[in-house]
Each structure stands twice: as C-alpha cells, then as structure tokens.
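J.: Okay, here's the prediction I keep looking at, along with the sequence it came from:
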Amino acid sequence: MALESKVIITAALTGAMTPKKLNPSIPVTPEEIAEDAYRCWKAGAAVVHLHMRDENGSGTMNKELFKKTVELIREKKDCDVVINCTTSGDNKASYEERMAHLPYVMPEMASFDSGSFNWMPFGIFDNSPQFLEPLAIKMKELGIKPELEIFDSGFMGIAKYYCKKEILETPCHYQFVLGVLGGMEASVKNLQYLCDMLPENSTWSAFGIGKDHMKIMYATLALGGHIRVGLEDNVYYSAGKLATNVQLVERAKRVISEYGKEVATPEEAREILGIKKLER
Ligand code: ZN
C-alpha cells in the first residue's frame with residue numbers, strides 16, 4: 001500500500017492531569033509508562049506521546065524521569081516506536097524547565113503548543129512568544145520534529161508566523177486538539193475548518209477529548225488525517241466502561257482497517273513526518 005494510505009496512530013499514554021483514581025490503568029512511573037509504550041507499539045501505535053508524573057501523581061517536567069522512561073523504551077531492542085515528549089507537562093514549570101529535557105533525552109518529536117488560552121477551570125495554558133521562539137529555535141537546532149498542537153484556530157496563524165521567520169521548518173505536522181473547554185469545541189465542522197487552514201503539504205492528526213473522541217476519530221479518517229488515542233485524552237472505552245491504552249490503540253487499528261487504510265509502522269511514520277531513520 002502507498003504511503004498515502006497509511007495512518008499513523010499516536011498513543012498519548014498519560015497526560016499531566018488525569019488522576020490514576022479515575023482510571024487505574026493510567027501509567028505513572030517510568031516503568032509503567034515504558035511498558036505501556038511497548039504494548040501500544042505492539043498493538044499498532046507508531047508514535048508514543050509522553051508525559052511524566054511525580055511521586056504525588058502530578059505532571060512534572062523532571063528531565064531525569066523523561067530520561068529514564070525513554071531509556072526503558074529504547075532498551076527493548078525490537079521496539080522502534082517514535083518517541084514524542086511533551087513540552088507542556090506542568091503548568092508551574094518555568095520556560096527553561098519545559099525545554100530542559102529536549103537536549104538531555106533527544107526525543108525524535110516534541111509538542112509545540114503554538115498559543116495560550118484559559119484551560120478551564122485550571123488556569124492559563126501559557127505558551128507566550130517568549131517561550132515559543134526559543135523553543136522553536138532549540139527544536140530546530142536539535143533536529144527534533146515539532147508537533148504543533150492546535151487548540152484553536154488562532155494557533156494556526158502563530159504557527160505560520162514562525163514558519164515565515166524560518167524557525168519552524170515546513171512542512172509542519174499539526175495535531176488538532178478539540179474539546180478542551182477554552183479551546184475549540186469538538187465538532188466535525190470545527191475540524192473541517194482547521195483542515196481548510198492547513199498550509200500545502202502539511203501532515204496532520206486530530207483527536208477529541210472524552211466523549212467526543214470517537215466522533216473526531218471517524219471524521220479525521222474521512223478527512224485524511226492521522227489519529228491519536230490514549231488515556232491522556234479519554235479514560236473511557238465506551239459509556240461507563242474504563243479503557244486501557246492498548247484497547248484504544250487496538251480499536252483505532254480496527255477502525256483504520258475497516259475504512260480501507262493501513263496502520264503506519266514507525267518507519268513509515270518517520271517517512272511521512274520527515275524524521276530521519278532511528279539510529280541505535
Ligand atoms: Zn500531552
């Protein structure tokens with residue numbers, strides 16, 4: 001099958017916020033996160049998106065935890081999953097702390113949230129120009145592929161601004177995040193609207209938060225995007241039934257194949273995203 005028919009599944013395993021008491025399957029220690037990453041890769045995920053938690057279960061940008069987790073994943077010699085680290089894992093972390101793990105861990109991808117908004121009811125999701133510009137420069141220097149997380153349509157213009165300044169390299173990869181209160185609502189209409197704003201040759205993926213997860217997954221497939229699933233975004237498999245990360249990846253794989261496409265391997269995902277081959 002041609003590369004155009006391949007769909008990348010990203011597994012967002014943990015996130016920064018959802019407490020384990022809401023779903024005991026949320027991995028929190030480096031060992032649990034690495035084990036889940038491996039299982040999700042086996043189930044069909046080409047990319048794993050990583051957050052870290054401290055000993056109280058709160059999101060942290062502690063670079064040692066990122067390092068340990070990534071090493072545990074890379075220790076599994078048969079697993080070539082693409083590793084994507086967050087840069088927004090703790091709203092109390094300084095801008096420097098949010099970037100410190102990048103040169104230390106050297107993930108192949110990292111999130112780049114190209115705008116700020118009121119993340120209701122928690123507070124301001126702060127991605128000021130004073131953070132974004134040095135972040136983009138650092139990622140370019142290190143050769144880390146930015147995943148432009150787009151929570152609202154204004155974020156697209158900010159991404160475009162950094163592309164024009166040539167500190168974000170084109171074509172970019174966009175991740176549409178729909179359904180966070182304060183960002184765009186998770187509707188098919190909004191997804192279509194964002195797709196219409198994509199610069200030519202971009203690659204993109206999308207997901208809806210919580211109950212809107214399935215709707216956005218099907219619409220994303222129909223519109224030709226890649227898919228993200230995982231307990232960071234949604235803790236239920238169906239109404240009242242808790243999910244595991246692996247179950248969510250397995251379902252995405254089935255949906256993709258029923259649609260007539262194929263799940264991308266990590267190597268195919270690297271080719272699609274313009275990431276160089278994994279060196280061991
Ligand atoms: Zn995340």
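T.: In hand now; what should we look at? Just so it is clear, the structure is predicted and the values come from calculations on it, not from any experiment.

J.: Now for the closest residue in space to M106 that isn't next to it in sequence: which residues touch it?
T.: Of all residues not flanking M106 in the chain, L142 sits nearest, at 6.7 Å (Cβ to Cβ, 6 or more residues apart in numbering). For the C-beta atoms, the positions are set from N, CA and C on the backbone; glycine is no exception. By Cβ atoms under 8 Å, 6 or more residues apart in numbering, the contact set of L142 is L102, P103, M106.

J.: Most neighbours out of the residues you listed, which is it?
T.: Highest neighbour count within the contacts of L142: L102, with 20 neighbours (other Cβ atoms under 10 Å).

J.: Wasn't that one part of a helix?
T.: Yes. Per DSSP: H, G, I helix; E, B strand; the rest coil, L102 lies within a helix segment.

J.: related to what we said a few turns ago, tell me the spacing between the residue nearest to M106 and C85.
T.: 12 Å (Cβ to Cβ, to the nearest Å).

J.: any residues in contact with both of the two?
T.: Common neighbours of L142 and C85 (Cβ under 8 Å, 6+ apart) are L102.

J.: helix or strand for the residue nearest in space to the middle of the chain, which one?
T.: Residue closest to the average C-alpha location in the chain (Cα atoms, centre = their mean): H49, at 4.8 Å. Element membership for H49 (DSSP states H and E) is strand 47-50.

J.: and the helix or strand following that strand, what does it pack onto?
T.: Toward the C-terminus, strand 47-50 is succeeded by strand 52-53 as the next helix or strand (DSSP H and E). Contacts defined by 3 or more Cβ pairs under 8 Å, 6 or more residues apart in numbering; DSSP states H and E place strand 52-53 against strand 59-60, helix 63-75.

J.: Relative to M1, which of these is closest?
T.: Smallest distance to M1 across these (Cβ to Cβ): 27.1 Å, for helix 63-75.

J.: can you pull the pLDDT of the nearest residue to T203 once chain neighbours are set aside?
T.: On the basis of Cβ to Cβ, 6+ apart, the spatially nearest residue to T203 that is not a chain neighbour turns out to be H173, at 4.7 Å. For H173, the model assigns a pLDDT of 98.

J.: K276 too?
T.: We have a pLDDT of 85 for K276.

J.: I'd like to know how many residues surround it.
T.: Neighbour number of K276 under other Cβ under 10 Å is 10.

J.: What distance do you get for the closest residue to it other than its chain neighbours to K253?
T.: Distance criterion Cβ to Cβ, 6+ apart; nearest residue to K276, sequence neighbours excluded, is R270 at 7.0 Å. To K253, R270 is 19 Å away according to Cβ to Cβ.

J.: Among the two, which residue is more densely surrounded?
T.: Neighbours per residue (other Cβ under 10 Å) separate R270 from K253, with R270 holding more: 22 against 19.

J.: Great, nothing more from me.
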